[in-house]
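*Asks:* Coordinates for the following, if possible.
(chains A, B, C and D)
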There are 2 protein chains.
Amino acid sequence: MVSTDATTQPADPIPEAVLEARERFVAAWGQMGSAWGISRTMAEVHALLFITGEALCTDDFMSRLSISRGNASMSLRALLEWGVISRTHKRGDRKEYFEAESDVWALFRSIVRERMKREVEPLVAGLYDLRTLTHGDSGKRANRPDAVTAAHNERLDDMLEFFATMEKLSQRFVSPSGRGLETAAKLLSRL
Amino acid sequence: MVSTDATTQPADPIPEAVLEARERFVAAWGQMGSAWGISRTMAEVHALLFITGEALCTDDFMSRLSISRGNASMSLRALLEWGVISRTHKRGDRKEYFEAESDVWALFRSIVRERMKREVEPLVAGLYDLRTLTHGDSGKRANRPDAVTAAHNERLDDMLEFFATMEKLSQRFVSPSGRGLETAAKLLSRL
DNA sequence: CAGAACTTTCAGTTATTTCTGAAAGAAGCA
DNA sequence: TGCTTCTTTCAGAAATAACTGAAAGTTCTG
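*Replies:* As a prediction, this is how the structure comes out:
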């Protein structure tokens, strides 16, 4: 390694236009992330790694995004847990480097899979519990089928059916071995 | 109207189990909302309206969710803008009442449509702008096609292609007249 | 094993988002 | 028009989420 600097020194000089474009990509992706419940910084870290296209180390993120070491570390860990980046090493360098998944469809699959697992599954489990509260025989006490309870149950069941379909879809197309999502999407969008 | 009370008094007494279930549904939906970048309260307002199944007025939300009038008003407006609830009136009552879209698939379509419009479209527009920064002839100055720029452009274009497909899909299935989403989803999930 | 290089953790701080409440604005009514 | 009822707005307060930086932890290396 030639560089004794803290941060990665690319061999080639990066054209000004590309640097500018990267910057703006990072900002745009960060904004998108925050609209979807992801911290802006975490999204920016991902964006930088994705658009740069090469492995970067913690110090790169710190200097390029002006964030603290702690923040960089936590954001990177979270991204690893989402499965959208991975660790690498450079020979003769003890630092850890990180690389982004470069296949956009694979990225999308990871995000969907993870969100289903973290947010939808627990919700569905909760709704099932709820169901037992009002489905049992307690709902028809005193021989009355109870219109209020019946209507409540129907709304709940509609919701559950919707999510059941979504979970099936996601397992079918987005799961670990989930091939075919891209194909299916393109077919469908073609009419 | 019999009731002189501030809040709506339902004709039928609501079974204890249903009240409990509603409460928990509201909490679960609120949590889900906040994971997806929607304020918890706004999601709770929607949840309450959806699961209750009848028209409610501002004071109902205030008392049932323990929120201020201002908060109720703003949350309701936001939900109207999302197109997932609508205004109603009760004869002889000057208050405004609100009703939730009760078809879960229509609800889902509204959410997707609105998110595409608010978040994805602006992002895509931004990415197109970015494209002009590095696609022009500036990228191949000095006769060199410039590997860095080319790789950058490829990543950007992959991203754009992905979003283009998504937008087509959403127009196809989720747009105003978007019928067929439910059917398509069920077909696909059935294998 | 001691020290250097690097990473993680977390208590405290800062930034952002969300909420409140009171005042201003409509809209119906007599 | 003036009164009443209801709705909206928004500056400031409160709650929540995100970030920092230094200390503790880990891993490699000689």
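*Asks:* Show me the strands in chain A, by range?
*Replies:* Ranges of strands in chain A, per DSSP state E, are A:56-57, A:85-89, A:96-100.
*Asks:* is chain B contacted by the top helix by length along chain A?
*Replies:* Ordering each helix of chain A by length in residues (DSSP state H) puts helix A:147-174 first. Yes - under the criterion of Cβ under 8 Å from any Cβ of the partner chain, chain B is reached by helix A:147-174 at A:147-149, A:151-152, A:155-156, A:158-159, A:161-162, A:165-166, A:168-169, A:172-173. No exception for glycine: its C-beta is placed from N, CA and C like everyone else's.
*Asks:* So which bits of that helix are buried?
*Replies:* Using 16 or more other Cβ atoms under 10 Å in any protein chain shown as the test for burial, helix A:147-174 gives A:148-149, A:151-153, A:155-156, A:158-160, A:162-163, A:165-166, A:168-170, A:172-174.
*Asks:* pLDDT below threshold where in chain A?
*Replies:* A:1-11, A:137-145, A:176-179, A:191 (pLDDT under 70).
*Asks:* Report the separation between the residue nearest to the spatial centre of chain A and residue B:15.
*Replies:* Centrality entry for chain A: nearest residue to the mean C-alpha point is residue A:111, 3.1 Å, by Cα atoms, centre = their mean. Here the criterion is Cβ to Cβ, to the nearest Å. By it, residue A:111 lies 40 Å from residue B:15.
*Asks:* my guess is the residue nearest to the centre of chain A meets residue A:79, correct?
*Replies:* No - the criterion here is Cβ atoms under 8 Å, and residue A:111 misses it with residue A:79 at 10.8 Å.
*Asks:* near DNA strand C, which residues of chain A show up?
*Replies:* A:34, A:57-59, A:69-70, A:73-74, A:76-77, A:93-96 (Cβ under 7 Å from any atom of the strand).
*Asks:* how about a cut-off of 10 Å?
*Replies:* Residues of chain A lying close to DNA strand C (Cβ under 10 Å from any atom of the strand) are A:1, A:4, A:6, A:31, A:34-35, A:37, A:39-40, A:57-59, A:62, A:68-77, A:80, A:87, A:89-90, A:92-98.
*Asks:* Drop anything exposed from those.
*Replies:* Buried among those (16+ other Cβ under 10 Å): A:31, A:34-35, A:57-58, A:62, A:71-72, A:74-76, A:97-98.
*Asks:* ok, of those, which one's closest to residue B:103?
*Replies:* Ranked by distance to residue B:103 (Cβ to Cβ), these are led by residue A:35 at 25.4 Å.
*Asks:* Stretch A:103-113 near DNA strand D anywhere?
*Replies:* No - applying Cβ under 10 Å from any atom of the strand, one finds stretch A:103-113 separated from DNA strand D by no less than 16.0 Å.
*Asks:* Over to stretch A:75-82?
*Replies:* Yes - under the criterion of Cβ under 10 Å from any atom of the strand, stretch A:75-82 makes contact with DNA strand D via A:75, A:78.
*Asks:* likewise stretch A:119-128?
*Replies:* No - contact of stretch A:119-128 with DNA strand D (Cβ under 10 Å from any atom of the strand) is absent, the minimum separation being 13.4 Å.
*Asks:* what comes up buried for that stretch?
*Replies:* The neighbour-count check on stretch A:119-128 (16+ other Cβ under 10 Å) flags A:119-120, A:123-124, A:126-127 as buried.
*Asks:* returning to what we had before: take the buried ones among the residues of chain A next to DNA strand C and lay them out in a markdown table including distance to chain B.
*Replies:* Putting those into a markdown table (distance: Cβ to the nearest Cβ, whole Å) gives the following:
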| residue | distance to chain B |
| --- | --- |
| A:31 | 8 |
| A:34 | 7 |
| A:35 | 5 |
| A:57 | 19 |
| A:58 | 22 |
| A:62 | 22 |
| A:71 | 20 |
| A:72 | 22 |
| A:74 | 18 |
| A:75 | 17 |
| A:76 | 20 |
| A:97 | 18 |
| A:98 | 16 |
